[in-house]
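*Asks:* Here you go, sequence then predicted model.
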Amino acid sequence: MKILGIETSCDECSASVVQDGEKILSNVIATQIPFHAPWSGVVPEIASRKHIEWIYAVTKDALEKAELKVADIDAVAVTSRPGLFGSLLVGLSFAKAFAWACNIPFIAVDHMLAHLYAPRLVAENKPEYPFLGLLVSGGHTIICRADNFDDITVLGTTIDDAAGEAFDKVAKFYNFGYPGGVVIDKMSRNGDSNAFRFPMPSLHKGEHRYDVSYSGLKTAVVNQLEMFKMKEGSPQPQDIAASFQKTAVEILLRALLNAAEDTGITTIVAGGGVAANSYLRSRLGEQTRLNCVFPPLELCGDNAAMIAGLGFHYLARGERSAFNVTASARVTGFKKKYP
Ligand code: KG4
Ligand code: ZN
């Protein structure tokens, strides 16, 4: 079964064809980063305009790269939540029109579940259920237990900023560049991560054992800005970046390792843009008792292959979405609290 995936939830305009939920035949990702960079953040209005300009060409490209015609596609899967509402509507409307015109099934899928699915698109080391998920993106930070592709129990989440948001905000304050996570990761390679001792949140007990918080860290890092501005004796930008990155990752690790210890689950799947972070990847790689599965870098960020891959499993169960399904900026329906 060849499924066309469409992803337009944020600032990547992506289309992909995946066969039987496993084999990527094409995965075209057109990034809007240069259009948002002047504002150091995603501008929703620009994002939806670019999606509507690009979605046709991106989809055509995905079909050509897969060496397929429209008539070869068996179904369309599309992100319907969570994300920027206007951006989601572009992909959703396009996917509905495609499915309607071709008289094929259409399935709306959840972007966060798709991030968790991404490592299953790779031949080696496919994670088996149950596993613990570490979902870290620009809008979400979720530690969860996954018992199936659509059976997720949220164990912990952020009580304020998302992990990627913290990277983006710190980079914006310091004018490091955009997108913040990528820039800080790169700068940190030449920085001293012990130059500053930034505080860890006091959140690791009781009901917050698996939760994280970034507002305290963000404030502490931003407070260094005055020193940073002074010429003499000022800290090096790469030292600020490296010290921030280290603490940001240790915050995630503490909550995740608590969850691993308490549940006894030893397979961890990381997903979302922050899962591309080199320090996070190396720190998790050091945990010899755990089997940590990361998607390859091109499947960490937003992409339509993960949408098509996940969509296959709903269709294989005989499910499809109604044509009146709408987009939703937020998520409801997981078993426990969700931001
Ligand atoms: O999953 P994603 O592409 O889009 C959302 O669904 O939000 O994640 C984007 C986030 C941004 O906050 C970006 O700064 C962060 O992922 N990010 C990183 C890295 N690459 C992207 N954060 C830390 N290190 C990276 N290498
Ligand atoms: Zn994402």
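*Replies:* That came through, no problem. Ligands and ions are numbered 1, 2, ... in the order given.
*Asks:* Phi first, then psi, for the residue in the stretch 201-339 of the chain positioned nearest to ligand 1.
*Replies:* Closest residue of the stretch 201-339 of the chain to ligand 1, CB to the nearest ligand atom: G273 (2.2 Å). In short, each C-beta sits where N, CA and C put it, glycine included. Dihedral angles of G273 (phi, psi; degrees, to the nearest 10) stand at phi -50, psi -40.
*Asks:* Run through the residues that contact it.
*Replies:* 136-138, 164, 179, 181, 300-302 (CB atoms under 8 Å, 6 or more residues apart in numbering).
*Asks:* Most neighbours among those residues, which one?
*Replies:* In terms of neighbours by other CB atoms under 10 Å, the contacts of G273 top out with V136 at 31 neighbours.
*Asks:* On the C-terminal side of the helix ranked longest in the chain, identify the next helix or strand.
*Replies:* Using DSSP state H, we find that the single longest helix of the chain is helix 237-263. Sequence order places strand 267-271 as the next helix or strand after helix 237-263, per DSSP states H and E.
*Asks:* and that next one, which strands flank it?
*Replies:* strand 131-136 (parallel), strand 291-293 (parallel) (DSSP bridges).
*Asks:* Chain neighbours aside, what residue packs nearest to R320?
*Replies:* Distances taken as CB to CB, 6 or more residues apart in numbering put P105 closest to R320, at 4.1 Å, once the chain neighbours are dropped.
*Asks:* What ranges does the stretch 151-300 of the chain have for its helices?
*Replies:* 163-174, 180-188, 215-223, 225-229, 237-263, 278-285, 297-300 (DSSP state H, counting those that start in this stretch).
*Asks:* what would the ones you listed look like in TSV with distance to ligand 1?
*Replies:* Listed next are these as TSV, based on distance: least, CB to the nearest ligand atom, whole Å:
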stretch	distance to ligand 1
helix 163-174	2
helix 180-188	2
helix 215-223	13
helix 225-229	19
helix 237-263	7
helix 278-285	6
helix 297-300	7
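*Asks:* and those helices, which is most packed in?
*Replies:* Stretch with highest mean neighbour count among these: helix 163-174 (a mean of 24; mean count of other CB atoms under 10 Å).
*Asks:* Stretch 76-92 vs ligand 2: in contact?
*Replies:* No. Judged by CB under 5 Å from the ion, stretch 76-92 stays clear of ligand 2, getting no closer than 7.9 Å.
*Asks:* Give the rounded mean pLDDT of the longest helix of the chain.
*Replies:* Averaged across helix 237-263, pLDDT comes to 96.
*Asks:* I'd like to know which elements it is packed against.
*Replies:* Judged by 3 or more CB pairs under 8 Å, 6 or more residues apart in numbering; DSSP states H and E, helix 237-263 is in contact with strand 131-136, strand 141-148, strand 151-157, helix 163-174, helix 180-188, helix 215-223, helix 278-285.
*Asks:* Of the ones you listed, which is nearest C292?
*Replies:* helix 278-285 (4.2 Å; CB to CB).
*Asks:* what does that closest one rub up against?
*Replies:* 136, 185, 188-189, 193, 245-246, 249-250, 252-253, 268, 270, 274-275, 290, 292, 294.
*Asks:* Now do that helix: distance to the chain's middle.
*Replies:* Its chain's average C-alpha position is 16 Å from that of helix 278-285, according to CA atoms, centre = their mean, to the nearest Å.
*Asks:* three-state assignment of the residue lying closest to A47 once chain neighbours are set aside?
*Replies:* Among residues not flanking A47 along the chain, S87 sits closest, at 4.8 Å (CB to CB, 6+ apart). Using DSSP: H, G, I helix; E, B strand; the rest coil, the structure places S87 in helix.
*Asks:* C102 - how many residues pack around it?
*Replies:* 16.
*Asks:* Oh, that last question was meant for N291, not what I typed.
*Replies:* So N291, with other CB under 10 Å, has 15 neighbours.
*Asks:* what's the closest non-adjacent residue to it?
*Replies:* T267 (4.7 Å).
*Asks:* For that neighbour, list the residues it contacts.
*Replies:* 127-128, 130-132, 290-291, 293 are the contacts of T267 under CB under 8 Å, 6+ apart.
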